[in-house]
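Novice: All I have is the shape, not the residue letters:
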Ligand SMILES: [Zn+2]
């Protein structure tokens, strides 16, 4: 399983914890469970310096289709940034992270 994309909670533990707690407090308990196991499949790649969005599922070929919905979690773009989940049929496909403080990767844990 070593070829799996990195787990969000291992790469950005603080962000993953915030995501889970935002989902839980908004009543999205099912998505909170999903958020715990999210993997960073790809960075957004748009190059905008306010954008740290990432894919948690392979990029779709086109639009996400009828099962798609957006779940805004943080809307205060000036202070704490903006987080919007793209969910398709209950699966988190993409996490929009805009105007958010820089996500700093957790240094790799030295093996003990
Ligand atoms: Zn982007």
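Specialist: Received it, and whenever you're ready, just let me know what you need. Quantities reported herein were computed from a predicted structural model and do not represent experimental measurements.

Novice: can you pull the buried residues of the longest helix seen in the chain?
Specialist: Longest helix in the chain, counting residues (DSSP state H): helix 13-25. Buried positions in helix 13-25, judged by neighbour count with 16 or more other CB atoms under 10 Å: 15-16, 18-20, 22-23. Quick note: C-beta positions are derived from backbone N, CA and C, even for glycine.

Novice: So which of those is the closest to residue 60?
Specialist: residue 19 (21.1 Å; CB to CB).

Novice: Which residues are in contact with that closest one?
Specialist: 8, 35, 38, 73, 83, 95 (CB atoms under 8 Å, 6 or more residues apart in numbering).

Novice: mind checking the SS state of the fifth one?
Specialist: State at residue 83, reduced to three classes by DSSP: H, G, I helix; E, B strand; the rest coil: strand.

Novice: Kindly report the same for the last one.
Specialist: Three states are possible here, and by three-state DSSP the one that applies to residue 95 is strand.

Novice: Same question for the second one.
Specialist: Here residue 35 takes the helix state, with states given by three-state DSSP.

Novice: Show me what the lowest-mean-pLDDT helix or strand in the chain is packed up against.
Specialist: Here the helix or strand of the chain ranked lowest by mean pLDDT, DSSP states H and E is strand 68-74, holding a mean of 92. On a contact count with 3 or more CB pairs under 8 Å, 6 or more residues apart in numbering; DSSP states H and E, strand 68-74 meets helix 13-25, strand 82-88.

Novice: So for residue 45, which of the ones you listed sits nearest?
Specialist: Nearest of the helices and strands packed on strand 68-74 (CB to CB): strand 82-88, 15.2 Å.

Novice: Show me what the residue positioned nearest the centre of the chain is bridged to.
Specialist: Residue closest to the average C-alpha location in the chain (CA atoms, centre = their mean): residue 95, at 3.7 Å. Note on residue 95: beta-bridge partners by DSSP bridges are residue 54, residue 85.

Novice: can you pull the contacts of it?
Specialist: Contact partners of residue 95, counting by CB under 8 Å, 6+ apart, are 19, 38, 53-54, 56, 83-86.

Novice: quick one: which of the residues you listed is nearest to the ion?
Specialist: Lowest distance from the ion to the contacts of residue 95 (CB to the ion) belongs to residue 53, with 4.6 Å.
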